[in-house]
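> next input, structure requested:
(3 chains)
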Amino acid sequence: MSVAAQYALSRAISGRARDVLKGRTLLAVMAIAFGVALGYAVHVINQSAVRELASGVALLSGAADLEVRGPREGFDEHLYPVLARDRDVQDASPVVEVDAKLAGARATLQVIGVDVFRARSITPALVGRGDDALDTLRPDAIFLTRAAARGLGVEPGQSLHLQAGLQVATLRVAGYVGDDGDRQYAVMDIAAVQDRFARDGRVTRVDLRLAPGVDRAAVARRLQASLPAGVHVAPPATTADAVTRFSRAYRVNLDVLALVALFTGAMLVYATQTLAVARRRTQFALLRTLGLSSRRLVAGVLGEAIVLGIVGAIVGLVAGYALALLALQRFGPDLGAGYFEPGAVRPSVDAWSILAFALLGVLAAVVGSLLPALDASHAAPAAALKAADADVVVPARSRPLAWIGLGAGAAMAFLPAVNELPIFGYLAIALILLGGILALPTLARALLHALPVPRHVPAALALSHLRATPGRFASMLAAVVASVALMSAMAIMVDSFRDSLDAWLRVMLPADIYVRTAGDTAFLSVADQQAISALPGVAHAEFMRATTISLDPARPPVVLLARDIDAHDASARLALVGASMVPRVDAPPPAWISEAVADAAHLRPGDTLTLPIAGRDVAFTVAGIWRDYARQQGSIVIERKRYAASSGDATVNEAALWLAQDARAGAVRNALLAYAGTGRLQVTTPGELRRLSLATFDRTFAVTYALEAAAVVIGLAGLSAALVAQTLARRREFGMLRHVGMPRRAIGRMLAIEGALLAATGVIVGFVLGFAISLILIHVVNRQSFHWGMDLHVPWPSLAALGAVLIVLAAATARLASNHATGQDAVRAVRDDW
Amino acid sequence: MVELRGIGKSFGRPVPRRVLHDVSLHVDRGERIAIVGASGVGKSTLLNVVAGLETVDEGHVIIDGHDLATLDDERKATLRRERLGFVFQAFHILPYLTVAQNVALPLALLGRRNAEADTRVHAMLASVGLADRAHGAPSELSGGELQRVAIARALVHRPALVLADEPTGNLDPDTARTVVATMHDAIGESGASLVLVTHSHTAAASADRVYRLTPSGLVLDRG
Amino acid sequence: MRRRHFLTLALGVAFARAEAEVRYPDVVAGAALAFPRDEGAHPAFRTEWWYVTGSLRDARQREYGFQLTFFRSRPGVAEASASAFAPRQLLFAHAALANPAQGRLAVDERAARAGFGLAYANEGRTDVAIDGASLVDRHGTYAAHLTARDFAFDLALTKTQPALLEGDAGFSRKSPAPLDASYYYSLPQLRAQGVLRHDGRSDDVSGVAWLDHEWSSRLLMSGAVGWDWTGINFDDGAALMAFRIRDAEGRAMWASATYRDRDGRTTTYAPQQVSFVAQSHWRSPRTGTDYPVAFAIRAGDIAVELDPLMLDQELDARAAIGVVYWEGAVRARIGGRAVGRGYLELTGYGKPLRI
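Residues are numbered from 1 along each chain as shown, chains lettered A, B, ... in the order given. Next up, the predicted model:
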């Protein structure tokens, strides 16, 4: 290569590098930065959450080699001495854990009852520290973590009121427990917890430390064989995994959403570079004729992309960290989804993820530049020199690739989950998106040719221009199409979800008043139940006992709901999906399982299901599968009378009340509160519950919406920038049109129509892709991640509004750009001399 | 038809560069005027002044009896649309329209999009010898052919005045001769006036009068 | 009297808060002890302990000291609890092996609430256990069992003499205040026989041991910072128990001694008849505390010199119970002649014991 060409190339590139901080290039950098920032922020938040969870489990299970765990209400305490005496067990520490309701408040506090003598060697984080060591044994003493004390606004010496049954237990804060971390829990003597919270004779966990040198797995197997039904022995890490797994699908979803932002960024780089390459085609052709090899040219263009990527990645990493910090402080590590306990978590930072996200940013920029770079290098120099403003060349191989992408994407949607994650679902979405974008020129041409040429000259000119240059505007549209597709897919999915949730709530909440006790420590005794049923104004009362049972130690425990339900009319109380049946008289009694349980255990109506109740295996017949949006870990409904007979436990935590015809809800509520005392029962109406549920739902998805909206803004910004750039590049054309008597306003109209047509094409293609993707989100990703089904519901008004806004904004941008492009400069641009 | 009286025009800030100084010109209906001059002397600016696309600092421009200073942008655009035709050095054929659509553009802007208009477009293309290329793309045409399309476009709506700015500047001498001949033939048929800016004597040769634009004004070169 | 620190400091800090709701029985003079009933636990009292010390020899005549102690405490909390975990009775065990070849004590300790058969102190006869460490009376022979990380023993301790009632027929005063007392008897001259496992080997051992059993509801008198105690099995079958309670200046605030000669005649000595005179000191390299590890003890006309089996018998129980003290096997001499073996306990020489 000649020196001159070297110089020209370096000028061409350094000139662009100078441009990095302005205009369209700045936008590309910002898009990369945005993608990296979101991706990194979500990653940091997730990592922090997982680390917090793992360290929490590590803290609370201490040096235990194995944990013996049972259902939520615990198991027979006499298992403890059996375990403690086992030949391979060195230390055994019994634990009774309850979520105690704070008297007069909705919140609950995790209260851990320990035997201080046993906990000392295994779980020092569960040993209280105070002025008086005997307080660790006193039944009125409670030790709080500093975070819990802060959260509750109490300090040692003050009183804490917890609800036990319908009574209030007044406890004395005797000191602190645990470290200075952010976990909130309380520790009491194990006997006090049993006494005060009606856990007599039961423990929920026994931590085991094994004798040195024994094989942990072998001991676990041996012990498991002797444990009663529903009690499992496993290393503490299994518990952490189970908890982590519970929220993993949600976290992966967030990660993918963040990558979507990065993808949109790559599309924007693609648009920027495509147009830049097209604009500089003559320049490149000149360089080629001066002896620059096409390899060097590609390297030069990619070099620019790497500069863009690095600048974007650095900005993005810094912004991402700040974002993560803010989000952790404001919303907690689950961004308000409710998987983790609230509390400030410090962001988790490691060099590898920083490097990974920096590389992702650069990769996005390089991938976005690859096609334009190849395009520039393939162009025949002579032709390029002549037709300086020809259309962007669409590589011929992109069309088959488009169909392959769309086809493969559709096929992958039918593949099962991998390791309980919808990997193929996500791949299908990516392929459909890529295929759609590659097919954009073809689709756009087809769409535009379907339109009749209007009589209106600006409109006719606009349509003609777009029809003639599908490659150019397809590249301008890539980012818009990607973001609109994802936004509309998300909107359809979320709306379907919300609509299904609303319908579900209506089925699940048939009564007039719902009464509930919070936490494990508050309950309604049989006497309470009778009293409530007999309250004036109450026509009919149904009660429910909610507890958890563990079907598999590697999974989170499943919620067992024992409720008053008519086996012949289960659909009156449950949102049944598909076929249901009534078990024969000689068959085991009915159980209705949620979709999550059905998926995990591969159960269908008619199958037999064994549930560990009160330490014994009890057989049930799967009578139906129901939709349960409230309990992602899975839930099983059985008849309350069966539960009471098997467990001897007739207490309940929820009641549904139907009012007499002339009764007023307010009066019944007051009667309930008068009976139980203020603050000990939550009394709600279905309306309030629905509002609350939907509000929680909206909060959970607010983050999702924000991410998607940001992607659309980036896409739109990219489109606007491209429109402005293109408009400026067409100044001479506008000058000619003014010469031939076309008013400036008409040119503005023409450009506005072009912008609107462009955006409309993007919106239509985006919506079509988005609809396909939403089907994958609903039927593949959600089903495989969360095991809940939903009915498709398209939010036409919001989608129409979104499309309209995009089209109007694009038209307005183009119109604004025309003001700069059709003025006196344009007039002068047509001539070649003064 | 065209009356220029004492036109003065400067460009640039803060130190204005005087481009036109005391330029006066009178063109009658059917007259063909050529203006020659050195590069950068302001020939194109003079054409834009005539077209109402540049305002003047001094003097008056009167087209068809209208003083342009009294017309707003809309009226000036209407005047251009109805009464003027343009031929540019760089052709300025829209690449995304067919040859016929390019020619039809002035008619379309006048709202004339009917069979009669189509006939007129084809007649114009035939008159510049490109009847068979009507539905082709501009990218398939040579420079000379593009300029002939531009001539057809400049005359298709029967303007009273054609303004041509270096129409042969981008063409080789042989082609230039053909194009100039085509232009004169076509204008002759239409009866329009012509103001031709050029530094080519070949192009200027067929004009009724030739003026030379100098920094101090317009000088009659050949009457 | 002795070893009260376990009761007062069992959880690392004193049980300072008196539990108002609990009324402990008083220790009163004149209540006759009855055996075997009083060899069992007295759960109503605040504190109680069984304290076995002794010296052992293996077949190669290597000498060891051992100590196995069970403490029972009724902290006075959760008295009304229905829970099987209710911490009404707490049990602590402590064991040490003095091996001159090692030069240091090997120790073990454990603590638990009574319950679930894992830890208990039964009534009726001596039967205490905590996580596999146990002391049980089987028809006049005590089975003492312990498995620690570094050592283990299984010993049969056979009574050769009747119980030695300390103080006034088992009513042992600790201060001038009449209610400041405990019920206290000793079983000296227990014949020990069994197996000792340590340092990776197992030795048949035999020797002589001493069992103290004491119960009370009172804490250490105010102003006291520690005490010195010894129990000696003389080779001729006689036995001597002596203790004194010291104030901050090292003066004896109270003292007592009981001597039973080989013919079974028992003499009890009043505070002013008992003296402890330090003969030499040993400074702990770990805590820097000076311990008077050799004593000249006088009780009436009996004068005995005590020399430690080995110097370093300091017990660091700070992690478990918050105190460091010296408790070790000693040899007894009269006029330079070896006359017996015993144990010496020295407390309160580091920082004063806080009650």
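> count residues in the vicinity of residue C:176, would you?
10 (other CB atoms under 10 Å in any protein chain shown). The way it works is simple: take the backbone N, C-alpha and C, and place the C-beta from them, glycine included.
> spatially nearest residue to it, not counting backbone neighbours?
residue C:254 (7.2 Å; CB to CB, 6 or more residues apart in numbering or on different chains).
> mind listing what the one you found touches?
Applying CB atoms under 8 Å, 6 or more residues apart in numbering or on different chains to residue C:254 gives the contacts C:173, C:174, C:175, C:176, C:221, C:244, C:245, C:271.
> do that again at 6 Å, thanks
Residue C:254 makes contacts with C:175, C:245, C:271, as judged by CB atoms under 6 Å, 6 or more residues apart in numbering or on different chains.
> repeat that for residue A:570.
A:592, A:624.
> could you rerun that using 7 Å?
When contacts are counted by CB atoms under 7 Å, 6 or more residues apart in numbering or on different chains, residue A:570 touches A:576, A:580, A:592, A:623, A:624.
> tell me the one of those residues nearest residue A:768?
residue A:576 (33.8 Å; CB to CB).
> ok, the closest one touching residue A:622?
No. Proximity of residue A:576 to residue A:622 does not meet the contact threshold set by CB atoms under 7 Å, at 11.7 Å.
> could you pull out the helices for the stretch 651-800 of chain A?
Using DSSP state H, counting those that start in this stretch, the helices of the stretch 651-800 of chain A run over A:665-676, A:686-729, A:731-739, A:744-776, A:783-786, A:796-821.
> out of those, nearest to chain C?
helix A:665-676 (24.0 Å; CB to the nearest CB).
> among the contacts of residue A:570, which ones are in helices?
Judged by DSSP state H, the contacts of residue A:570 include no members of helices.
> export the residues you listed to JSON lines and tack on neighbour count, distance to residue B:194 and pLDDT?
Output for the contacts of residue A:570, formatted as JSON lines (neighbours: other CB atoms under 10 Å in any protein chain shown; distance: CB to CB, whole Å; pLDDT from 0 to 100):
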{"residue": "A:576", "neighbour count": "18", "distance to residue B:194": "87", "pLDDT": "88"}
{"residue": "A:580", "neighbour count": "19", "distance to residue B:194": "91", "pLDDT": "82"}
{"residue": "A:592", "neighbour count": "28", "distance to residue B:194": "92", "pLDDT": "94"}
{"residue": "A:623", "neighbour count": "27", "distance to residue B:194": "95", "pLDDT": "92"}
{"residue": "A:624", "neighbour count": "24", "distance to residue B:194": "91", "pLDDT": "92"}
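> send the alpha carbons of stretch A:609-624 over as PDB?
Extracted as PDB, the C-alpha positions of stretch A:609-624 are listed here (Å, rounded to 0.1, in the frame of the first residue of the first chain):
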ATOM      1  CA  LEU A 609     -49.200 -39.300  44.600                       C
ATOM      2  CA  THR A 610     -47.600 -40.000  48.000                       C
ATOM      3  CA  LEU A 611     -47.300 -37.000  50.400                       C
ATOM      4  CA  PRO A 612     -45.400 -37.100  53.600                       C
ATOM      5  CA  ILE A 613     -47.800 -35.800  56.300                       C
ATOM      6  CA  ALA A 614     -46.800 -35.700  59.900                       C
ATOM      7  CA  GLY A 615     -44.000 -38.100  59.200                       C
ATOM      8  CA  ARG A 616     -46.100 -40.700  57.400                       C
ATOM      9  CA  ASP A 617     -46.600 -41.400  53.700                       C
ATOM     10  CA  VAL A 618     -50.200 -40.800  52.700                       C
ATOM     11  CA  ALA A 619     -51.400 -41.800  49.300                       C
ATOM     12  CA  PHE A 620     -53.600 -39.500  47.200                       C
ATOM     13  CA  THR A 621     -55.100 -39.600  43.700                       C
ATOM     14  CA  VAL A 622     -54.200 -36.700  41.400                       C
ATOM     15  CA  ALA A 623     -57.700 -35.400  40.700                       C
ATOM     16  CA  GLY A 624     -56.800 -32.400  38.700                       C
END
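> which parts of that stretch are buried?
A:609, A:611, A:612, A:613, A:614, A:615, A:618, A:620, A:621, A:622, A:623, A:624 (16 or more other CB atoms under 10 Å in any protein chain shown).
> among those, which one lies nearest to chain B?
The closest of the buried residues of stretch A:609-624, once distances to chain B are taken by CB to the nearest CB, is residue A:624, at 62.8 Å.
> show me what contacts the residue lying closest to that closest one once chain neighbours are set aside?
The shortest distance from residue A:624 to any non-neighbouring residue, by CB to CB, 6+ apart, is to residue A:580 (3.2 Å). For residue A:580, the contact set (CB under 7 Å, 6+ apart) comprises A:570, A:571, A:605, A:623, A:624.
> one more pass at 8 Å, please.
A:570, A:571, A:592, A:605, A:623, A:624, A:625.
> among these, name the ones in strands.
A:592, A:623, A:624, A:625 (DSSP state E).
> quick check: the farthest pair among these?
Greatest spacing in the ones in strands among the contacts of residue A:580, by CB to CB: A:623 and A:625 (9.1 Å).
> point me to the residue of the stretch 351-500 of chain A nearest chain B.
For the stretch 351-500 of chain A, CB to the nearest CB, closest residue to chain B: residue A:468, 3.3 Å.
> based on its surroundings, how many neighbours for that residue?
What residue A:468 shows, counting by other CB under 10 Å, is a neighbour count of 20.
> then residue A:564?
Residues near residue A:564, counting by other CB under 10 Å: 17.
> name the SS class of residue C:208, please.
Using DSSP: H, G, I helix; E, B strand; the rest coil, the secondary structure recorded for residue C:208 is strand.
> pop the domain breakdown of chain A in here.
Chain A breaks down by automatic domain parsing into domains covering A:1-65+A:239-385, A:66-234, A:401-510+A:708-834, A:513-684.
> same list (those) but as TSV, adding distance to residue C:168.
Below are the domains of chain A laid out as TSV (distance: least, CB to CB, whole Å):
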stretch	distance to residue C:168
domain A:1-65+A:239-385	50
domain A:66-234	32
domain A:401-510+A:708-834	77
domain A:513-684	53
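> which of those sits closest to residue B:105?
domain A:401-510+A:708-834 (6.3 Å).
> list phi and psi for the residue most central in space within chain B.
Taking CA atoms, centre = their mean, the centroid of chain B lies closest to residue B:163, which sits 1.9 Å from it. Main-chain dihedrals, residue B:163, degrees, to the nearest 10: phi -110, psi 120.
> surely residue A:154 touches residue A:173?
Yes. Judged on CB atoms under 8 Å, residue A:154 makes contact with residue A:173 at a distance of 5.3 Å.
> common neighbours of those two, please.
A:144, A:160.
> mind checking how far the longest strand belonging to chain A is from the chain centre?
With secondary structure taken from DSSP E, chain A has its longest strand at strand A:89-102. Strand A:89-102 sits 32 Å away from the centroid of its parent chain (CA atoms, centre = their mean, to the nearest Å).
> wait, does that strand contact chain C?
Yes. Using CB under 8 Å from any CB of the partner chain, strand A:89-102 reaches chain C at residue A:94.
> moving C-terminal of that strand, what's the next helix or strand?
strand A:108-114 (DSSP states H and E).
> got a list of contacts for whatever helix or strand comes next after that next one?
Going down the chain from strand A:108-114, the next helix or strand is helix A:116-122, by DSSP H and E. Residues outside helix A:116-122 that contact it (CB under 8 Å, 6+ apart): A:62-64, A:91-95, A:126-128, A:136-137, A:189, A:207, A:209, C:11, C:90, C:111-113.
> buried ones among those residues?
For the contacts of helix A:116-122, buried by 16+ other CB under 10 Å: A:62, A:64, A:91-95, A:126-128, A:136-137, A:189, A:207, A:209, C:11, C:90, C:111-113.
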